[in-house]
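>>> Everything below, folded, please.
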Amino acid sequence: MRILLLAATPPEVLPTVQWLRQRSTGSRENVLSFPRCEVAVAFGGIGSMTTAFTLGQIFRPDAPVNLAIQAGVGGALDRSLQLGQVVNVVSDRTMDLGAEDRDGALLQPAAFGFPPAHPFREDGVLIPAGPSAILPYPTVAGGTVNRTTGSATSLQRIKTDFPDVQVESMEGAAFFYACISCEVAALQLRSISNYVEPRNRDAWNMPLAIANLNEAVQRVLAPFIQ
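Just a heads-up that it's a prediction; the model follows:
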């Protein structure tokens, strides 16, 4: 079995990489070996473009991936979520792809003749096949942006256009798009580092989010590497 652990940046999963190295039976480049599986670690960079390129290099017929795990932090639109809470993102969508109307509103591609096509659903949502194991993390709907939301105006637009989205990231939709297209089971774990609001870095808790994220990723990986 081959598992991919993907993060945007090394600091998000460094504790887990160290944990894996301590338990591996061998390694070559970014691939760690275990009795029943291999875990490949990759860093896709910030944003959809670099994530898509990275996965395009990894998802190859000669080295099939059985399970891809995207681990990262994210911002919560849903205020019932707590800072540091780990969530299982089971659906994702783009939230800034399209055209700007004269009043500043977002026109999604369907509005000008390009309705969603596979692997998107008719409503523009991406839902991949996930692992069969039941996980102890709340399932949420994700939304992906190229520029993180940091103003009251942008926040209101997202809440109006995408009322079901609970968590914002910069890579989730690209990850799901690639996994669905290449028929790879996908798990997107996000730890809440901040609320989506007028930008206020003082209110973020990145250390807590990263600590809890790595605890969750290790919990998911533990049965495979034993």
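
>>> ok, now which ones touch the spatially most central residue of the chain?
Nearest to the mean C-alpha position of the chain, counting by CA atoms, centre = their mean, stands G172 at 3.6 Å. Contacts for G172 (CB atoms under 8 Å, 6 or more residues apart in numbering) come out as Q70, G74, V89, D92, G142, G143, T144, Q188, R190. For glycine as for every other residue, the C-beta is placed from the backbone atoms N, C-alpha and C.

>>> rerun at 6 Å
V89, D92, G142, T144, Q188 (CB atoms under 6 Å, 6 or more residues apart in numbering).

>>> In strands, which of those residues appear?
V89, G142, T144, Q188 (DSSP state E).

>>> how near is E215 to V86?
Going from E215 to V86 by CB to CB, to the nearest Å gives 8 Å.

>>> Give the residue from these two that has the larger number of neighbours.
V86 (23 against 14; other CB atoms under 10 Å).

>>> hey, what's that one bridged with?
Applying DSSP bridges to V86 gives these bridge partners: S191.

>>> doesn't A211 make contact with it?
No. Assessed by CB atoms under 6 Å, V86 is found out of contact with A211, at 10.3 Å.

>>> The lengthiest helix in the chain: which residues count as buried?
Among the segments of the chain that qualify as a helix by DSSP state H, the longest is helix 206-225. For helix 206-225, a neighbour-count test (16 or more other CB atoms under 10 Å) marks 206, 208-210, 212-214, 216-218, 220-221, 224-225 as buried.

>>> With stretch 135-145 instead?
Buried residues in stretch 135-145, counted by 16+ other CB under 10 Å: Y137, V140, A141, G142, G143, T144, V145.

>>> can I get those in TSV with distance to F114?
Output for these, formatted as TSV (distance: CB to CB, whole Å):
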residue	distance to F114
Y137	34
V140	27
A141	22
G142	22
G143	19
T144	18
V145	19
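
>>> and which of the residues you listed is nearest L81?
V140 (7.5 Å; CB to CB).

>>> How about the secondary structure of the closest one?
strand (DSSP: H, G, I helix; E, B strand; the rest coil).

>>> Could you pull out the strands in this structure for me?
Going by DSSP E, the chain shows strands at 2-7, 26-28, 31-33, 38-43, 67-76, 86-91, 99-100, 106-107, 139-144, 167-169, 185-195.

>>> Report the distance from the second one to the chain centre.
Distance of strand 26-28 from the chain centroid (CA atoms, centre = their mean, to the nearest Å) equals 26 Å.

>>> any idea which of the buried residues of stretch 135-145 is closest to D123?
Nearest to D123 out of the buried residues of stretch 135-145 is A141 (CB to CB; 11.2 Å).

>>> was I right about D92 contacting F176?
Yes. Contact criterion CB under 6 Å: D92 and F176 qualify, at 4.8 Å.

>>> list residues touching both of those two?
Shared contacts of D92 and F176 (CB under 6 Å, 6+ apart): L126.

>>> contacting residues around the closest residue to A129 other than its chain neighbours?
Nearest non-adjacent residue to A129, counting by CB to CB, 6 or more residues apart in numbering: A185, 5.2 Å away. When contacts are counted by CB under 6 Å, 6+ apart, A185 touches L67, A129, P131.

>>> do you know how far A185 is from Q70?
On the measure of CB to CB, A185 and Q70 end up 12 Å apart.

>>> again with D202
D202 is 28 Å from Q70, by CB to CB.

>>> Can you pick out the residue with more neighbours from the two?
Neighbour count, other CB under 10 Å: between D202 and Q70, Q70 has more, with 28 against 4.
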